[in-house]
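Asks: build the 3D model from these lines:
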Amino acid sequence: MERVSTGIEELDSKLSGGYPKKKVILITGVAGSGKTIFGIHYLYRACQEGKKCVLIATEETPEDILQQARMLEHDLEPYYEKGQLIIERVFESRTERIEETRYGFKPEGLDLELPYLAELVPEGTECVVIDNIGVFTIRLSVRKLRDEFDGLSHILMKKGCTVLYIMDEAAYNMTNQLAEYSAYGSIRLLVKENSYLGKMERYIYIPKMRSTPVSPYTSVFEISSKGIKIKASGDSEIIG
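Replies: All right, here's what the predicted structure looks like:
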């Protein structure tokens, strides 16, 4: 199977070269676990390789994302300015709709069917990140969520995209972890106290990656001024 680099050398090694090409990968984790930074690594490497990319941002402005990328020495701005990277301003659209509800609009106006997001992805796009897709799931029934996830994934894969769905832990759990069943692969990011060292650490765990032999154990990773570094791991405990 062809692979697309994650932008993180150690993760590429764990995944036999990277994310499975033209598939959907789900990344979940609590606030502060580094989810968005995984997306930045992926987009930066893809842009370096000349791929057309789209980021659908639901919780941050393009300016915030570009600033964060610069701080990690993964400057996305040159690619954004020349149009190789498109950042869709869904965050502003959401906040504008919330503002409108104060003037008589119904809360149902905040709803957005997931397959609609595929319309924001031009033909020829190779790499897509939706961060955070969890904001669209809270108002959906379990059945409708599965249908809409599958519908969006089908359209994006048919367009030839390799997709990262980034989803917050709260939405992931509130929707009975259903998104993991719809994705081709999933990565969980955790923040947990290391009882031996007496400090909080970040962990990465890969519960599912089809067509890819993966370790059932967790690995510690750090976020520095240069981004993510996954430490060499032995047999760390599995964290649920």
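Asks: what's the burial count for the closest residue to Glu123 other than its chain neighbours?
Replies: Counting by Cβ to Cβ, 6 or more residues apart in numbering, Glu123 lies nearest to Lys159, which is 6.5 Å off, once chain neighbours are set aside. All C-beta atoms are positioned from the backbone trio N, CA, C, and that covers glycine. When neighbours are counted by other Cβ atoms under 10 Å, Lys159 registers 17.
Asks: check Lys199 too.
Replies: For Lys199, the neighbour count with other Cβ under 10 Å is 8.
Asks: following the lowest-mean-pLDDT helix or strand in the chain, which helix or strand comes up?
Replies: Counting by mean pLDDT, DSSP states H and E, the weakest-scoring helix or strand in the chain turns out to be helix 90-101, with a mean of 52. Scanning forward in sequence from helix 90-101 by DSSP states H and E, the next helix or strand is strand 127-131.
Asks: give the buried residues for that following strand.
Replies: Within strand 127-131, the residues that count as buried by 16 or more other Cβ atoms under 10 Å are Cys127, Val128, Val129, Ile130, Asp131.
Asks: ok, stretch 149-158 next?
Replies: Phe149, Gly151, Leu152, Ser153, Ile155, Leu156, Met157.
Asks: quick one: what helix or strand has the third one in it?
Replies: Using DSSP H and E, the element containing Leu152 is helix 142-158.
Asks: need the next SSE after that helix, C-terminal direction.
Replies: Using DSSP H and E, the helix or strand that directly follows helix 142-158 along the chain is strand 162-168.
Asks: give the rounded mean pLDDT of that next one.
Replies: Mean per-residue pLDDT for strand 162-168: 97.
Asks: partner strands of that strand, with direction?
Replies: Sheet pairing of strand 162-168 (DSSP bridges) gives strand 24-29 (parallel), strand 127-131 (parallel).
Asks: just checking, next helix/strand downstream of it?
Replies: helix 169-174.
Asks: next one: that next one to chain centre, how far?
Replies: 14 Å (Cα atoms, centre = their mean, to the nearest Å).
Asks: now stretch 75-87
Replies: Distance, centroid of stretch 75-87 to centroid of chain: 18 Å (Cα atoms, centre = their mean).
Asks: buried residues in that stretch?
Replies: Residues Leu76, Tyr79, Tyr80, Leu85, Ile86, Ile87 are the ones in stretch 75-87 that count as buried (16+ other Cβ under 10 Å).
Asks: what do you get for stretch 181-191?
Replies: So, applying 16+ other Cβ under 10 Å, buried residues of stretch 181-191: Ser182, Ala183, Tyr184, Gly185, Ser186, Ile187, Arg188, Leu189, Leu190.
Asks: got those as a markdown table, with secondary structure, distance to Asp64 and pLDDT columns?
Replies: As requested, the buried residues of stretch 181-191 are exported to a markdown table (DSSP: H, G, I helix; E, B strand; the rest coil; distance: Cβ to Cβ, whole Å; pLDDT from 0 to 100):
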| residue | secondary structure | distance to Asp64 | pLDDT |
| --- | --- | --- | --- |
| Ser182 | helix | 28 | 89 |
| Ala183 | coil | 26 | 95 |
| Tyr184 | coil | 29 | 97 |
| Gly185 | strand | 28 | 97 |
| Ser186 | strand | 26 | 97 |
| Ile187 | strand | 23 | 97 |
| Arg188 | strand | 25 | 97 |
| Leu189 | strand | 20 | 97 |
| Leu190 | strand | 24 | 94 |
